[in-house]
Each structure stands twice: as C-alpha cells, then as structure tokens.
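Asks: Sequence plus predicted model, see below.
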Amino acid sequence: MSKSENERNRLKDEFEQIQSEGGDFDISKHLAKPEDLPDLGEIEIYDYDSDLTVSSQQSMDVLESLVDLYLSDIPQLKEHPYIKNKMKEDAMVYAEGLFLQKMTRKNFLSQLRQVDNGDNSARMHEVVNQTIGQIRENSKFLMGQRTDFEKFWKTLRKDMGFNEIENPDIKNNEELSESTNTDGEIMDNRKLNELIKTAMLNKDSGKKD
C-alpha cells in the first residue's frame, strides 16, 4: 500500500471516529436563547419610496406656484399641453435634487453618529468634510435650478407677447411688497396698480363729460 493511501485511510478512520463520538452531541444546548440576548430594539427599514413621494409633491407645489405666478392671468396659455408637460418635467428634475439633498443629509447624520461612537480616524473626518461640501453643492444646485425655472417662465410670458408682471416676493432695495387699503385689506402690487389704473380711467372719463 502506498504512502498516500495510508494517509487517506488514516484520515478516514479519524473522521469516522469523530462522527461516532459526536453522535450524541446536542448543539442546541450550546446556542444562546432569545431571552439571553440583549434587547437590540426594533430594526427600522428606511422608507425611501416615501421620501421620493414627498420630494415629488414638494417639487410639484413649487412648480405649480411658479407657473401660477407668471401665467395665472393667462388661463388659455396655462392650460396648454406643452405648458403642462414642461411643468411636469421641471418638477421631476427638481424632485430628484430634493431627494438627493435628503439622502446626503441622512448620510451626513449617519457619519456624525459614527464619530460620536468613537470613530475618530482621519479618514472618517475626511469623509464628513466631503459630505458637508456635497450638502453645499446640493443647495447651490437647487437654488440654481429654481432661478433657471423662474427665468424660463418669465421669458416665456414675454415671448408670447404678454406684459411683464412684478414678482411680489422680489423687490428692489428691500421695498415692501404689500400695501394696505383703508379697510385694512392686504393687497399685492398688481391689485394696487389695477386700482390706480381704474381710478385714472374714471378721472379721464369725468373730465370729458
């Protein structure tokens, strides 16, 4: 019998001996019971779909208010299929930005918790600083997107031959965007201008009579 065959037989005999000796071994006696384990609390699975839905709704609210600002007095243009599709596309782009902003913030909070738990390595602090920079970039992106949207809808109104309107939320030199009439009713500048125009027309009509 060769040397390799002898070694193979030896290992086989040892394996059979281990099996026979461990036949009555009950592994369940050596496992921890549920009541012996520490309470790890309820494991919460993050609901990403919910965040996507919220971001989409927030984005659509922004776009609807923006379109209403520039096209509320032009209902026939506001209801045009292209306008509706354009608004949905813009809302989709903005929603993705909002979602990425939320996910970056979530990631940032997780990193801070790691630092609180003792992970003070140089690499960890580098990652935290990188995430801070990404949060800033996300904010700049969203602000830039909103500015681009405003420019588009304002330019569209002008290209369609309609007069420009004054955005009541943006005033030069920090001017107030609202005025109060004698009854204490709050009105925006456009309503105020309409009242002035009506008063001027009535005045000119009185002179002719």
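Replies: Thanks, I have the structure now. Residues are numbered from 1 along each chain as shown.
Asks: And the helix or strand that contains Gln58, what's buried?
Replies: For Gln58, the host element (DSSP states H and E) is helix 48-71. Within helix 48-71, the residues that count as buried by 16 or more other Cβ atoms under 10 Å are Ser55, Ser56, Ser59, Met60, Val62, Leu63, Leu66, Val67, Leu69, Tyr70, Leu71. C-betas here are computed from N, CA, C, even on glycine.
Asks: again with stretch 122-135
Replies: Val127, Val128, Thr131, Gln134.
Asks: that older thread, please produce a markdown table containing the buried residues of helix 48-71, extended by pLDDT.
Replies: Shown next, in a markdown table, are those (pLDDT from 0 to 100):
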| residue | pLDDT |
| --- | --- |
| Ser55 | 94 |
| Ser56 | 93 |
| Ser59 | 94 |
| Met60 | 94 |
| Val62 | 92 |
| Leu63 | 92 |
| Leu66 | 90 |
| Val67 | 89 |
| Leu69 | 88 |
| Tyr70 | 87 |
| Leu71 | 86 |
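Asks: Out of the buried residues of stretch 122-135, list just those in helices.
Replies: Among the buried residues of stretch 122-135, the members found in helices (DSSP state H) are Val127, Val128, Thr131, Gln134.
Asks: between the residues you listed, which is closest to Glu79?
Replies: Gln134 (39.4 Å; Cβ to Cβ).
Asks: contacting residues around the closest one?
Replies: Thr104 (Cβ atoms under 8 Å, 6 or more residues apart in numbering).
Asks: any idea how far Phe108 is from it?
Replies: 8 Å (Cβ to Cβ, to the nearest Å).
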